[in-house]
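Q: just coords:
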């Protein structure tokens, strides 16, 4: 029977309004509303048109119910500035990723979440955080000189994960080794940088990969801050975003590490040279130096101006992009068993391109078999990552 929950998911995944879809399939707006609410069922020829317009196989609309992710389950960086369409595209991508993750977990033993039990990093309710400075990349941070709980949270997590003060080679690999499921977003919208959520006891992070490698790393650390500090939903909005930014800065560039390795004189040239040590953007290092009182206000603002002239989307001497190590191992194993990208997509009742968007393109590169094998007869391989 036609499944209205899958129909709603597919429409939102493509960012189409009910009116726009109605026009595409030559029915009334009221008909689309009725299909989506489950009041009526479209005729077979209409289902074919719907599947074609939404780029999902016809079979997708006749499978079991899917759970629609509510807005409050995810942390979005600029929810107030985000259109409902962009928000729904991101959330529906998350719902499809849950289907893929469930399929993978049915065949592989993935790393279990390894997070401290006390997620509630307390804020000092008696002292308000002043509006912080805005970095050259437009991100706000807590005001300087205030009690910095995100800094403490970052130090706590580094100790818990036994990371010491060393730079993090790959944020994605680190997250995955600690049980975070990492997927990519293909949303061409600046306000959808990334988002994260706890789904049951499993943490998820979704990254918009249409950015510089350094920005993706910072986004991954930012979302980690949300997972650690805001699992229970408070605080929210701008305060939560400032805290997550501050957490990311401290997690990627630990205080002692920066004090020991900072350039003697902060110039554009020295920023570009030293940023490679922590694998961060020049703008992020500029802010971190200033937040630790290693540069003056004048130097900080001068460097902000110099960096702005380079352009937000241009990173001098950029780092290579990170990819998912878990997905590489999963799909390499599937390839050895003759299971192709098309086979996986067929089982999930989605198009292969949907997998590419969720998996950083690893499906395209890692799967090439044509003759699927009976995977259910095999024991589940275990996947372990080396930090």
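A: Nice, I can see it. In this text the structure is predicted, and so the values were computed from the model without any measurement. Residues are numbered from 1 along each chain as shown.
Q: please, which helix or strand holds the residue lying closest to residue 264 once chain neighbours are set aside?
A: Excluding the flanking residues, the one nearest residue 264 by Cβ to Cβ, 6 or more residues apart in numbering is residue 270, at 7.9 Å. No exception for glycine: its C-beta is placed from N, CA and C like everyone else's. In the assignment (DSSP states H and E), residue 270 maps to helix 268-278.
Q: average pLDDT for that helix?
A: What helix 268-278 shows for mean pLDDT is 96.
Q: contacting residues around it?
A: 167, 214, 252-253, 257-258, 261-264, 281-282, 284-286, 303, 306-307, 316-317, 319 (Cβ atoms under 8 Å, 6 or more residues apart in numbering).
Q: among those residues, which are in helices?
A: 214, 252, 257, 258, 261, 282, 284, 285, 286, 303, 306, 307 (DSSP state H).
Q: among the residues you listed, which pair sits farthest apart?
A: Largest separation among the ones in helices among the contacts of helix 268-278 by Cβ to Cβ: 257 and 306, giving 24.1 Å.
Q: wait, isn't residue 98 in contact with residue 202?
A: No - the criterion here is Cβ atoms under 8 Å, and residue 98 misses it with residue 202 at 9.3 Å.
Q: shared neighbours, the two?
A: Common neighbours of residue 98 and residue 202 (Cβ under 8 Å, 6+ apart) do not exist.
Q: of those two, which one has the most company?
A: residue 98 (19 against 16; other Cβ atoms under 10 Å).
Q: so where does that one fall, helix or strand?
A: helix 84-105.
Q: which helices and strands does that helix pack with?
A: Contact partners of helix 84-105 among helices and strands, from 3 or more Cβ pairs under 8 Å, 6 or more residues apart in numbering; DSSP states H and E: helix 4-13, strand 74-76, strand 181-185, strand 194-199, strand 202-208, helix 341-348, helix 352-358.
Q: got a list of what the nearest residue to residue 288 once chain neighbours are set aside touches?
A: Nearest residue to residue 288 in three dimensions, chain neighbours excluded: residue 253, at 4.7 Å (Cβ to Cβ, 6+ apart). Residue 253 sits next to 278, 280, 284, 285, 288 when contact means Cβ under 8 Å, 6+ apart.
Q: could you rerun that using 7 Å?
A: 278, 280, 285, 288 (Cβ atoms under 7 Å, 6 or more residues apart in numbering).
Q: and if you look at residue 24?
A: Counted by Cβ under 7 Å, 6+ apart, residue 24 has contacts residue 53.
Q: need the pLDDT of it.
A: 95.
Q: what about this structure, any weak spots by pLDDT?
A: 75, 77-81, 118-148, 187-192, 232-236, 361-387 (pLDDT under 70).
Q: run the last query once more with 50
A: Residue ranges of the chain with pLDDT under 50: 121-138, 141-148, 363-364, 368-378, 385-387.
Q: rewinding a little: drop anything exposed from the ones in helices among the contacts of helix 268-278.
A: Using 16 or more other Cβ atoms under 10 Å as the burial test, those include 214, 252, 257, 258, 282, 284, 285, 286, 303, 307 as buried.
Q: quick check: the first one touching residue 282?
A: No - using Cβ atoms under 7 Å, residue 214 is not in contact with residue 282; the gap is 8.3 Å.
Q: of all the buried ones among the ones in helices among the contacts of helix 268-278, which comes closest to residue 178?
A: Using Cβ to Cβ, those come closest to residue 178 at residue 252, 15.5 Å.
Q: how near is the closest one to residue 155?
A: 13 Å (Cβ to Cβ, to the nearest Å).
Q: got it, and residue 33?
A: Distance of residue 33 to residue 155, computed by Cβ to Cβ: 52 Å.
Q: any idea how far residue 25 is from residue 35?
A: 10 Å.
Q: neighbour count for the two, which is higher?
A: Higher neighbour count among residue 35 and residue 25: residue 35, with 26 against 20, using other Cβ under 10 Å.
Q: wait, the more buried one sits on residue 47?
A: No - assessed by Cβ under 7 Å, residue 35 is found out of contact with residue 47, at 9.3 Å.
Q: thinking again about what came up before, out of the helices and strands packed on helix 84-105, which is closest to residue 56?
A: That would be helix 4-13 among the helices and strands packed on helix 84-105, by Cβ to Cβ, at 4.8 Å.
Q: the closest one to helix 84-105, inter-axis angle?
A: 120 degrees (axes from the mean of the first three to the mean of the last three Cα atoms, to 10 degrees).
Q: and residue 100, what does it touch?
A: Counted by Cβ under 7 Å, 6+ apart, residue 100 has contacts 348, 358.
Q: residue 10: neighbouring residues, count only.
A: 24.
Q: who's in contact with the residue lying closest to it once chain neighbours are set aside?
A: In space, and not counting its chain neighbours, residue 10 is closest to residue 54: 4.3 Å by Cβ to Cβ, 6+ apart. With contact set as Cβ under 7 Å, 6+ apart, residue 54 has these partners: 10, 11, 14.
Q: now swap in residue 104 and tell me
A: With the criterion set at Cβ under 7 Å, 6+ apart, residue 104 makes contact with 110, 330.
Q: same check on residue 35?
A: 4, 7, 42.
Q: at 8 Å instead, please
A: Per Cβ under 8 Å, 6+ apart, neighbours of residue 35: 2, 4, 7, 41, 42, 50.
Q: which of those are buried?
A: Members of the contacts of residue 35 classed as buried by 16+ other Cβ under 10 Å are 2, 4, 7, 42, 50.
Q: just checking, the third one touches residue 47?
A: No - at 9.1 Å, residue 7 and residue 47 do not qualify as touching, with contact defined as Cβ under 8 Å.
Q: identify the contacts common to the two.
A: With Cβ under 8 Å, 6+ apart, residue 7 and residue 47 have common neighbours residue 61.
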